[in-house]
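Asker: Got a sequence here, can you model it:
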Amino acid sequence: MELVIDFPGGAKVDAHFSGFTVKTDQPAYAGGEGSAPAPFGVFLASIGTCAGIYVLGFCRQRGLPTDGIRIIQRVGSNPTTGMVDQIALEIEVPASFPAKYHDALVRSADQCAVKKHLENPPKFNVYTVVK
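Answerer: Residues are numbered from 1 along each chain as shown. Next up, the predicted model:
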């Protein structure tokens, strides 16, 4: 997979891939316009939305409605480093959701590919090329 990252102006940075564009910007206090999420916000959102895809798939496979289901993602940071040190995903289900599926729903969300990659991070190679 290849992504092309460009700089459309100001503090905006966009990623183009598979026919899509993910727009990012910095908040006003950081020199941007706040016209789109910051890149780190997009990164964090990818975790919760990925878990959501697995929850959605679990429910679809069993013919279970997803009405009233939502995932609340909470991010904790180390006060010394400012780095994220904990991410909690709380899956809220309505009272009508069958209790026998609660644990399986958690196991399905736990299969999130983004989470798996964070648990086994790739190596990064950053370099320049003159064209």
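Asker: contacts and neighbour counts: CA atoms only from here.
Answerer: Noted.
Asker: Dead centre of this structure: give me the residue that sits there.
Answerer: Nearest residue to the geometric centre of the chain (Cα atoms, centre = their mean): Ser46, 1.4 Å.
Asker: quick check: longest helix of this protein.
Answerer: Longest helix in the chain, counting residues (DSSP state H): helix 39-62.
Asker: Beyond it, next helix or strand please.
Answerer: strand 70-77 (DSSP states H and E).
Asker: Let me know the helix or strand that His117 is in.
Answerer: Going by DSSP H and E, His117 is in helix 113-119.
Asker: do the same with Thr80
Answerer: With DSSP H and E as criterion, Thr80 is part of no helix or strand.
Asker: Excluding chain neighbours, what is closest to the residue nearest to the centre of the chain?
Answerer: In space, and not counting its chain neighbours, Ser46 is closest to Val114: 7.0 Å by Cα to Cα, 6 or more residues apart in numbering.
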